[in-house]
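In: Structure for this input, please:
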Amino acid sequence: MIGSKYVTENPMFPLKNIRFLLNLDLEGTGEEGITVVNATEFPKEFETLRAVNDSGGYLAQINPRGKAPNSDHYWFVEKGVPGFFLYTLGGIKAYHDVFDKAETLPLNEYEDLFKLIKGFNKKLMQSKW
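Out: Okay, the predicted model is just below:
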């Protein structure tokens, strides 16, 4: 998180030019869906994300979560950049610890998550800023 704090304090371009930030961290299997940090902070965008998922049938569930200073999105949001931190659910619970190994995190829902993100981005770009 130190890097994202530095970037927001020393941006290479105006942060207001960022339409919406998606922080992808802790991407494991995704078999049980995703949790969306800042869903309650940006309810319109969260409902758009859910609608895209519902229409595409991508992930099992999309859980809302409130604001949390738990990853790189935090410093951007504190500077006024709207954003979500998405993390997947399911599989082994070893994320960012000594038991976190590539062979135990098969990214089962990677393609569906990617389709969801593409669809969400498309809807955001169609809406007014």
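
In: Run through the residues that contact the spatially most central residue of the chain.
Out: Nearest to the geometric centre of the chain sits Leu86, at 2.7 Å (C-alpha atoms, centre = their mean). By C-beta atoms under 8 Å, 6 or more residues apart in numbering, the residues touching Leu86 are Leu22, Asn23, Leu24, Glu27, Ile34, Thr35, Val36, Val37, Leu113. (C-beta placed from N, C-alpha, C; glycine too.)

In: give me the element it is part of.
Out: Applying DSSP states H and E as the criterion places Leu86 in strand 83-89.

In: what lines up beside that strand in the sheet?
Out: Its sheet considered, strand 83-89 pairs with strand 21-24 (parallel), strand 33-37 (antiparallel) by DSSP bridges.

In: Helix or strand with the lowest mean pLDDT in the chain?
Out: The helix or strand of the chain with the poorest confidence is helix 2-9; it has a mean of 92 (mean pLDDT, DSSP states H and E).

In: From the chain's centroid, how far away is it?
Out: Centroid separation between helix 2-9 and its chain, computed with C-alpha atoms, centre = their mean, to the nearest Å, is 18 Å.

In: buried set for that helix?
Out: Buried positions in helix 2-9, judged by neighbour count with 16 or more other C-beta atoms under 10 Å: Ser4, Thr8.

In: who's in contact with it?
Out: So helix 2-9 is contacted by Leu15, Asp72, His73, Tyr74, Trp75, Phe76, Glu78, Lys79, Val81 (C-beta under 8 Å, 6+ apart).
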